[in-house]
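Visitor: Mind looking at a prediction? Sequence and model below.
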Amino acid sequence: MRLSSIVSSAGLSEGDPEMLAALCGARATAVLAYCERAAPHKAVTAAVTAFAVFRRTVADAREGEVADLDSVLLSAARDAVSDLGKVSISDDRRLAAETLYATSPPKPLSPELAGQIIRALVDAAPVTALDGRRRRVQCGGAAIRHAVGRRRAAGGGAGRAAR
C-alpha cells in the first residue's frame, strides 16, 4: 500500500499526531529492516535518523512538492545509513536492504524504539497541528505526551518554540 494512501504530506508537515502515528505504524518495520540489512550495528540510530530527516524534508517542502512519500522515506533511510559513520554499502547489500524495505509487513515495535521514532518525528520540525492541548501519539504501544506550553516553559529549542 502506498504511503500517500495512509498519510498526507500536509498532515506530516504539520506534525498531526494521528499522521505521525500512522507513518510509524505503516513504515517503521520497513525502515528498520532496511537499516538492519544495510548497517546492522547502527540500525536503530539510522532508522530514527531516517524518520527525522523524512519529516524535516516533508515539512520543508512546498505544498504539493512531495509527490512520492515512499521514495522520500527510502531516500532518507539510504542517507541516514550512509551518513552514520560513513558506512560503505555494496550494491548487493543495498539491493537486499531495499528488497526488505519493500516487502517487510508492518509489525509491532518495542515501546522503546517506537518512542524514539515518535520523538524524532515530533522534534524534526515544528508541530503546527497542536493547539496547546495534550495529545498522545501512539505507535507500537509507545505513547508520547507533548504539551506545547510545557515544552516552551522548559526552554525547548528553536523548533520546539514554534510548537
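Guide: Looks like it arrived, so ask away.

Visitor: which residues does Ile117 contact?
Guide: Applying C-beta atoms under 8 Å, 6 or more residues apart in numbering to Ile117 gives the contacts Cys24, Ala28, Ala47, Val48, Phe51, Leu109, Cys139. Quick note: C-beta positions are derived from backbone N, CA and C, even for glycine.

Visitor: In contact with the closest residue in space to Asp60 that isn't next to it in sequence: list those residues for me.
Guide: Spatial nearest neighbour of Asp60, chain neighbours left out: Ala125 (7.4 Å); criterion: C-beta to C-beta, 6 or more residues apart in numbering. Going by C-beta under 8 Å, 6+ apart, Ala125 touches Ser13, Gly15, Arg55, Arg56, Val58, Ala59, Asp60, Gly159.

Visitor: Quick check on Ala125: phi, psi?
Guide: Backbone geometry at Ala125, expressed as degrees, to the nearest 10, gives phi -160, psi 160.

Visitor: Mind pulling the model confidence for it?
Guide: On pLDDT, Ala125 comes in at 88.

Visitor: same question, Ala102
Guide: So, for Ala102, pLDDT stands at 90.

Visitor: for Ser88, helix, strand, or coil?
Guide: Secondary structure, DSSP: H, G, I helix; E, B strand; the rest coil: Ser88 is coil.

Visitor: And it, how far from Val81?
Guide: Distance, Ser88 to Val81, by C-beta to C-beta, to the nearest Å: 10 Å.
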